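1. give me the fold of what follows.
(one chain, ligands or ions: 1)
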Amino acid sequence: MIKFIEPYFIIETKSLSYAIKILETGHLEHLYFGDKILETDLDFLHTKLSAKARGVIDYLEEKGKDIPLDLICLEFSSSGKGDFKLSPIELKMPDQSFVSDFTYQKHEMIEGILPSDTLPTPYDDEKNTKTLIITLKDTKFNIYIDLIYTTYYDVNIISRKTIIRNNEKETISLRKIMSMSFDIYGSNYDMLTLDGGAIKEAQKHITPIAQGTYINSSITGNSSYKHNPGVILLEKGTHEDFGNCYGFNLIYSGNHYTAIDQSSHGILRVMQGINPSMFEWDLNTNTSFETPTTVLSFSSKGLNDLSHHMHDFINKHIIPRQFKGVDRPIVINSWEGFYFDFNEKKLINLAKKAKSLGIELFVLDDGWFSSRNNDLSGLGDYDVNFKKLKHGLRGLSHKIHQMGMKFGLWFEPEMINPVSKLYEKHPEYAIKIEGRIPALGRHQLVLDMINPLVRKYIINEISKIIDDTNLDYIKWDMNRDMTDMYSKHIPNQGMFYHSYILGLYDVLSQLRKKYPHILIETCASGGNRFDLGMLTYGPQIWTSDNTDPIARLSIQKGISYFYPQSCISNHVSMSPHEQTLRKTPIDTRFNVSMFGVLGYELDFKLLNTFEINSIKKHIEIYKSYRHILQFGQFYRFNEDPKVRMNFQVSFEDTHVLGNYQVLAEPNPNLEILKIKNLNPTKIYDLKSMEQKLPLEKFGHLISHALPIKLNPNKALFRLISRFKQLDNATEEAHISGNVGMKGYKMQQQFMGTYYNEQTRMLGDFGSQIYIIKESR
Ligand code: GLA
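-> Have a look, this model is predicted:
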């Protein structure tokens, strides 16, 4: 899996190779990252330098060492020695210069993964990983860099991180240190990033790369919904099922940074790590600094295949091992149904109804503590609001448990309202700067997680509640970005952001260790911290506060480039939707939410009988395909997302396909359903899920479908619609894998003519689920 054939290193996964060469100067040349290569290829993968180039600088004049570093694909560069591509490090050296020059000193190979005391690190239960540590030394000073490569053989992932050690007498200032960097030839690439904001997370963007530097980063103190840390570098023309693409993601929840820099000779350097902006770390004598881990993969078969590598890696090596492959419960969450306005009776009624529909976990969201009747006060306090919960949390959790449901609670542990008991007692716990009025976000300040007393307070308070309620689940929220960054507990404020994240990881690790059984779902106003760091503590993340299914299509699709369905928490909520005012059918709300971890966030009392019955049926369906929907292989399609979208999951011989019509077209084309990942030689049964059409969908047009005349504004219409719904076309077919993949000819969709039971009535926001199973 890792070979050293002097002067070459080859790191291999099941289908990928990564190759490095030690140059005569001791610098590392990046030779290759892609589909498997042969050892004989190695001699031919290096940069051929017979003509050099105008304007380049040779490293040394000596024969063999007269290399222009700017013309070489390097594995990790230094600063100020002739490589003018963007540098992965910035160090103020003991001689006060910014010049460094790191060359090969030694290497070591170890079984497994190099552990870390402070940062989230993947694990390996299958004993299928190996690690290579290449040590570089600065040519002048006793400063060392370890480049650490781990291969996760089966899942086609290589991880990288960097450790820098200062063995000089002086403290040096570290201003930038990337977890990884490497160079490839390439002037034909695009960059795929997930950008957005609150309630519009993870929108896919493709940026063409030309000469210059392209950056994807966050500066909010979290990994941010503005720019997710995941980045894909793709050759032009690459799509979901075709083409060469490289994927990178950082196991980190703070300010991240990925840069793609195209040099004047068409060398592409890609690097990823902690954002160097406002970063300055004092590296004292005989200490080291460890970067977070970057996850790398490649596919020559397009973006779906690349995502599968990322997904398998997360399911097998990232999420807490006690949840590996374990089906996640269906949730009812109190937030969108009640917000702050609830009492024990309301909650119990909600739970009872949820239980009768088949829901398994009851989550009480914000508003259960202290003076919390709106978002103006109470964060930081953990005393229960007895006005709302007359038997306290213990009483409530007891009743929920008695019903046979699991019990979960919302916390926002990293925050404090200036109006709170905690703030009265410990104003110094909040992050702020003396002499400046701190900026508030949602009326709250951030707690200083660098302060050990704050961390202790949080752990103690949460532990008391867990013990008191026998808690099964925690929603760990974080609802504001950071400002006024300052902590008394660090010597240099350039250490602030990273130290905050280390503090957060410390708290999460301690709680994780103490309560391994608790299912943690992390959240940050939705997906403001959807990253691999958080996933090492909680296996699922609240994807977005936007639960409108049509808005969700692009959010869930975006997130799926890097994260598997088992991590994506989706809730069915009310229509019209509170974020978009859009009216959508209950079937579509389920049909979108089912691709991930399903939940409900509404007051059932506001639903009609048709919707309640539909929910009951949906939950039954979800339960029978839950493992496939959470852990199956997910496929995206090449489509115009403004008109129609599809999602598919495959698990062994079963495939579930969601077909969503975003906007109805007049007199549309006849359609085919292209199913992915079928065996061409096998026969499949295809069946669409039965769906009913409420009469309201037709309004005054109902006279076209029913033999009687009904006025949609009259009580009789409403009365009949409680009992009578129309059939929507279902499809059943027996097809070969080949035909399914080429495209099954679907039943006709409504064409503006008339209704019958064989016509798919979709309209705007309509959708259908297809189950495709190998025939027995
Ligand atoms: C954030 C979360 C929501 C909900 C509220 C509660 O907005 O994203 O899901 O928990 O906080 O205040």
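
2. interface residues of the stretch 551-700 of the chain facing the ligand?
-> Not one residue of the stretch 551-700 of the chain sits near the ligand, judged by CB under 6 Å from any ligand atom. Any C-beta I mention is one placed from the backbone N, CA and C, and that applies to glycine too.

3. how about the helices in this protein?
-> With helices called from DSSP state H, the chain shows them at 303-313, 335-338, 344-357, 392-402, 421-425, 452-469, 496-514, 532-535, 549-559, 586-593, 609-631, 702-705, 715-723, 737-742.

4. who is the nearest residue to residue 408 once chain neighbours are set aside paired with across the strands?
-> Nearest residue to residue 408 in three dimensions, chain neighbours excluded: residue 473, at 3.0 Å (CB to CB, 6 or more residues apart in numbering). In this entry, residue 473 is beta-bridged to residue 408, residue 519, by DSSP bridges.

5. residue 473: what's it in contact with?
-> Residues near residue 473 by CB atoms under 8 Å, 6 or more residues apart in numbering: 329, 331, 361, 363, 406-409, 518-521.

6. what does residue 28 give?
-> 20-22, 74-76, 104, 134, 136, 147.

7. just the buried residues out of these, in ChimeraX syntax.
-> In ChimeraX, this line selects whichever of the contacts of residue 28 come out buried by 16 or more other CB atoms under 10 Å:
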select :20,21,22,74,75,76,104,134,136,147
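
8. quick one, what contacts the closest residue to residue 220 other than its chain neighbours?
-> Spatially, and ignoring its direct neighbours in sequence, residue 220 is nearest to residue 481 (3.7 Å; CB to CB, 6+ apart). Going by CB under 8 Å, 6+ apart, residue 481 touches 220-222, 224, 441, 528.

9. quick one: residue 481 and the ligand, what's the gap?
-> To the ligand, residue 481 is 13 Å away according to CB to the nearest ligand atom, to the nearest Å.

10. just read off the phi/psi values of that residue.
-> Dihedral pair for residue 481: phi -80, psi 170, per degrees, to the nearest 10.

11. can you redo the contacts of residue 481 as a markdown table with pLDDT, distance to residue 282 and neighbour count?
-> Formatted as a markdown table, the contacts of residue 481 follow (pLDDT from 0 to 100; distance: CB to CB, whole Å; neighbours: other CB atoms under 10 Å):
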| residue | pLDDT | distance to residue 282 | neighbour count |
| --- | --- | --- | --- |
| 220 | 98 | 24 | 19 |
| 221 | 98 | 20 | 24 |
| 222 | 98 | 24 | 29 |
| 224 | 98 | 26 | 27 |
| 441 | 98 | 29 | 15 |
| 528 | 98 | 30 | 28 |
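
12. if I look at residue 770, what pLDDT would I see?
-> With respect to pLDDT, residue 770 has a value of 98.

13. show me what the closest residue to it other than its chain neighbours is bridged to.
-> Excluding its sequence neighbours, the residue lying closest to residue 770 (CB to CB, 6+ apart) is residue 657, at 4.4 Å. For residue 657, the beta-bridge assignment (DSSP bridges) gives partners residue 648, residue 770.

14. wait, doesn't residue 657 sit right on residue 675?
-> Yes - assessed by CB atoms under 8 Å, residue 657 is found in contact with residue 675 at 6.1 Å.

15. next up, phi/psi of residue 327, please.
-> Phi and psi for residue 327, reported as degrees, to the nearest 10, are phi -60, psi 140.

16. quick check: it touching residue 628?
-> No - using CB under 8 Å as the test, residue 327 is too far from residue 628 to be in contact (10.3 Å).

17. the more surrounded of those two?
-> Comparing residue 327 with residue 628 by other CB atoms under 10 Å, the one with more neighbours is residue 628, at 18 against 15.

18. closest residue of the protein to the ligand?
-> Of the residues in the chain, the one nearest the ligand is residue 366, at a distance of 3.4 Å by CB to the nearest ligand atom.

19. so how far is residue 318 from that residue?
-> Distance, residue 366 to residue 318, using CB to CB, to the nearest Å: 28 Å.

20. again, but for residue 434
-> Plainly put, residue 434 is 40 Å away from residue 318 if you go by CB to CB.

21. compare those two (neighbour count), which wins?
-> More crowded of residue 434 and residue 318, by other CB under 10 Å: residue 318, with 25 against 6.

22. how many residues are close by the residue lying closest to that one once chain neighbours are set aside?
-> Excluding its sequence neighbours, the residue lying closest to residue 318 (CB to CB, 6+ apart) is residue 535, at 5.2 Å. For residue 535, the neighbour count with other CB under 10 Å is 24.

23. repeat that for residue 338.
-> When neighbours are counted by other CB under 10 Å, residue 338 comes out with 20.

24. same check on residue 324?
-> Neighbours of residue 324 (other CB under 10 Å): 16.

25. in contact with it, which residues?
-> Per CB under 8 Å, 6+ apart, neighbours of residue 324: 125, 315-316.

26. dump the residue contacts of residue 620.
-> Contacts for residue 620 (CB under 8 Å, 6+ apart) come out as residue 358.

27. swap in the one 3 residues further on?
-> Residues in contact with residue 623 (CB under 8 Å, 6+ apart) are 330, 358.

28. try it again at 7 Å.
-> residue 358 (CB atoms under 7 Å, 6 or more residues apart in numbering).

29. quick one: end-to-end distance for stretch 198-207.
-> Terminal residues of stretch 198-207 lie 22 Å apart, using CA to CA, to the nearest Å.

30. now do stretch 204-222
-> This stretch, stretch 204-222, spans 20 Å end to end (CA to CA).

31. how far off centre is it?
-> From the chain centre to the centre of stretch 204-222 is a distance of 17 Å (CA atoms, centre = their mean, to the nearest Å).

32. and the strand of greatest length in the chain, which residues are buried?
-> The longest strand of the chain (DSSP state E) is strand 172-185. By neighbour count on 16+ other CB under 10 Å, the buried set for strand 172-185 is 172-184.

33. quick check: buried residues in stretch 64-78?
-> Buried-residue list, stretch 64-78, by 16+ other CB under 10 Å: 67-78.

34. contacts for that stretch, please.
-> Residues external to stretch 64-78 that are found in contact with it (CB under 7 Å, 6+ apart): 20, 23-25, 27-30, 47, 49, 52-53, 56-60, 81-85, 87-89, 100-102, 147, 181-185, 263, 265, 267.

35. quick one: buried ones out of the residues you listed?
-> By neighbour count, with 16+ other CB under 10 Å, those hold 20, 23, 25, 27-30, 47, 56, 59, 81-85, 87-89, 100-102, 147, 181-184, 263, 265, 267 as buried.
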